[in-house]
Each structure stands twice: as structure tokens, then as C-alpha cells.
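1. Below are the sequence and a predicted model for it; my questions follow.
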Amino acid sequence: MVIIMLGAQGTGKGTIAGIISEQTNFPQISTGDIFRKNISEKTELGVEAEQYIAKGELVPDEITVPMVVNRLNQEDAKNGAILDGFPRTTAQAEKLDEILTNLGKKVDLVINLSTPKEELIDRMLTRRVCSNQDCKTTYNIKLNPPKVEGICDKCGAELKQREDDSNAEAINRRLEIYEQQTSPLVEYYDKKGVLRTETVSTSINRMGKDVAEDIVKDIKNSSIKGDEI
Ligand code: ADP
Ligand code: ZN
């Protein structure tokens, strides 16, 4: 089963993808995490990507697409994957359709997360990420704080703020790119009949983990009924 996480920055795509991944064993493939790992390891790909990421711009497709193809071809993704951060443009979505067709797969479910804009900026500013690249658990100092300030509950490593979350210009640029280039994908996938829109907002007391629980339940139910997952 191939699942795509869609939604603006700060909606909780990564957190929800992480929960679904734990419960289903489909790997979570986060392009942002792969880039950040490469940046911290100073690989050629990381050095190249960093200049775009720091400014909040998209990394060019020549770099991003082969990286995703390579990841989808790994053994753990043979039964499916949860794509978190890809595709982000119509061109990437068309490319993904092609890649999946070649692998005998298709996009089965697109989870479109919707959160009021005023909450998004606040969530990015209050987001903290575990600095251990093998853990990368995300916290929010207001909504989901760690037990000990600044320290990851799961592995004890230091929590950090992402560079592009601490900079108002990069935050605004990312939200602008989302509006212009990524939001058309809502219609793209709606037309294919695979879209599931979920509102995540403190105003209705519905958080990412509630959404993730509902989705996991539905995935498990459909597999019990014998639908292919
Ligand atoms: P966010 O969604 O909060 O911007 P991500 O961790 O998903 O954070 O991505 C961080 C950065 O990595 C993006 O701002 C962009 O520069 C780059 N990136 C991630 N995914 C893609 C993609 N599919 N295409 C191009 N660039 C990407
Ligand atoms: Zn950790």
C-alpha cells in the first residue's frame, strides 16, 4: 500500500506518518529527513541540497526524484511505503505515478491534512526535533513537550530547532510554495478518488494522533476484509 501525506508545513504530517508506519510496518519515507541526514553527514547530495533548504526553496527534481526512486527500491518498501514530503509539485506527482507503475504499484491513499493557517506558523516555531538522526522524534514545546525540557524521551539526545523553522523568511517562503505548488495536488488526487481530508486543529480538539488512530483502524479493517493493502 502506497500512502502519501499531503498538507502544509506544521500540520503534523511527519508525526502522523510515524504512527501509521509503526502500526503497519510500511516504512516512512520523509524526503526532508533524508536531506537533513545527508546535510549532517556532509554528503555530496547534502551539500547540494542545503543551499535550497536553508532558504525554504524546493530542492531541484534532478536531485530529489532519483533519491526517492532509490529509496522506493529498497527491500523494506516492497510492500508499500508512506511518503512524507513527496510529491510536492504536479510534476513530481506525475513522475511518481510513472515510478510506481514501473514497480507494479499505485498511490492507494492520500491523507490531506488541513490546519488553520494561524496555527501553522505557531506550530513551526514551537517544533523541536531529536538531534539523533536514527530517532528524529518530533516534539512541540506547547502541544507535545518532552518529559525533560530539551531532551528526547525516546533516546535521551538533545532536541534542536530546525534552521528553517527558526527563520521567519524561510517559514513564509515554505508556506507560499505550498500554496502555489503543492496545494494543486489536492485536486490531482481527488480526481483519482484516493483523497482523504482530515482537519487537525486545537480549535476542534483533534490532534495528529487522533487522525493517525482512525486511519490505522481503517487500514487494518480493510485488510481484514481482504482488500489489498
Ligand atoms: P517542511 O514540509 O516543513 O518544509 P520537510 O522536512 O518536508 O519540511 O522538508 C524540508 C525541506 O526539504 C523543504 O523546505 C525543501 O527544501 C526540501 N524538500 C523536501 N521534500 C522535497 C521535495 N519533494 N521536493 C523538493 N524539495 C523538497
Ligand atoms: Zn530521540
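-> Structure received. Being a predicted model, the structure only gives us computed values, none of them experimental. Ligands and ions are numbered 1, 2, ... in the order given.
2. Buried by neighbour count: which residues of the lengthiest strand in the chain qualify?
-> Counting residues, the longest strand in the chain under DSSP state E turns out to be strand 107-114. Along strand 107-114, these residues count as buried under the neighbour rule (16 or more other Cβ atoms under 10 Å): 107, 108, 109, 110, 111, 112, 113. Every residue, glycine included, has its C-beta placed from N, CA and C.
3. Show me what that strand packs onto, helices and strands only.
-> Where contact means 3 or more Cβ pairs under 8 Å, 6 or more residues apart in numbering; DSSP states H and E, strand 107-114 is packed against strand 2-7, helix 13-24, helix 90-102, helix 184-191, strand 195-199, helix 208-224.
4. let's see 7 Å
-> Identification of packing neighbours for strand 107-114 by 3 or more Cβ pairs under 7 Å, 6 or more residues apart in numbering; DSSP states H and E yields strand 2-7, strand 195-199.
5. the inter-axis angle of it versus strand 195-199?
-> Computed by axes from the mean of the first three to the mean of the last three Cα atoms, to 10 degrees, the angle separating strand 107-114 from strand 195-199 equals 20 degrees.
6. about what we covered before: check the buried residues of strand 107-114 and tell me the two furthest apart.
-> 108 and 113 (17.2 Å; Cβ to Cβ).
7. Next, work out how far apart the residue nearest the centre of the chain and residue 5 are.
-> The structure's the chain has its C-alpha centroid closest to residue 84; by Cα atoms, centre = their mean the separation is 2.7 Å. Remark: distance between residue 84 and residue 5 (Cβ to Cβ, to the nearest Å) = 5 Å.
8. likewise residue 161?
-> Counting by Cβ to Cβ, the separation of residue 161 from residue 5 is 22 Å.
9. more neighbours, these two?
-> residue 5 (25 against 15; other Cβ atoms under 10 Å).
10. Not counting sequence-adjacent ones, nearest residue to the more buried one?
-> The spatial neighbour of residue 5 that comes closest, neighbours along the chain excluded (Cβ to Cβ, 6 or more residues apart in numbering), is residue 13 at 4.1 Å.
11. Let me see the contact set for that neighbour.
-> Contact criterion Cβ atoms under 7 Å, 6 or more residues apart in numbering gives 5, 7, 84, 113 as the residues in contact with residue 13.
12. For residue 137, grab the count of nearby residues.
-> Burial measure for residue 137: 19 neighbouring residues, criterion other Cβ under 10 Å.
13. same check, this time on residue 202
-> Residue crowding around residue 202 was assessed by other Cβ under 10 Å; the count is 14.
14. Residue 28 too?
-> Residue 28: 23 neighbours (other Cβ under 10 Å).
15. What parts of the chain come near ligand 1?
-> Along the chain, the residues adjacent to ligand 1 under the rule Cβ under 6 Å from any ligand atom are 9, 31-32, 35, 52-53, 56-59, 64, 85-86, 88, 92, 164, 174.
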